[in-house]
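>>> sequence? don't have it. structure:
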């Protein structure tokens with residue numbers, strides 16, 4: 001039904017739901033010193049692919065649960081491994097993917113807090129897929 005990726009971001013202070021993946025602009029080397037020569041994920045692919053999941057609805061729903069974790073939305077997963085993974089997954093799954101950035105453990109959340117938040121997020125994503133609130137489309141600039 002859905003592929004969910006989770007990545008640690010040293011810059012994150014919240015649990016962040018990524019709305020879309022980007023195809024171009026990859027210039028940094030990964031840990032194996034690789035970067036695609038084309039600086040893109042899929043040559044000829046669309047510049048941006050949105051998840052079919054309404055991340056705004058998921059954020060609202062999870063925030064209303066009163067967990068001790070702040071959940072936010074992002075439109076840019078960073079043009080590095082996370083964004084590359086997300087775009088590739090969105091491309092392969094026809095949008096049935098999600099990416100969640102989490103801060104490092106203890107900065108500020110414990111493993112238990114993150115685990116509860118991720119479980120709630122995935123449950124809400126699956127529910128939103130079954131019962132969409134609005135027509136889903138891309139309305140932001142990239």
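Cool, got the structure. This one's a predicted model, so the numbers in the text were calculated from it and none came from an experiment.
>>> which parts of this structure are helices?
55-64, 81-93, 111-130 (DSSP state H).
>>> so which of these is nearest residue 44?
Comparison of those against residue 44 by C-beta to C-beta identifies helix 81-93 as nearest, at 10.8 Å. No exception for glycine: its C-beta is placed from N, CA and C like everyone else's.
>>> what's in contact with that closest one?
Contacts to helix 81-93, defined as C-beta atoms under 8 Å, 6 or more residues apart in numbering, come from residues 3, 5, 7, 9, 18, 20-23, 26, 30, 41-42, 45, 49-51, 76-77, 97, 99, 101.
>>> thinking again about what came up before, is it possible to export the helices of the chain to JSON lines including mean pLDDT?
Formatted as JSON lines, these follow (pLDDT from 0 to 100):
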{"stretch": "helix 55-64", "mean pLDDT": "97"}
{"stretch": "helix 81-93", "mean pLDDT": "96"}
{"stretch": "helix 111-130", "mean pLDDT": "96"}
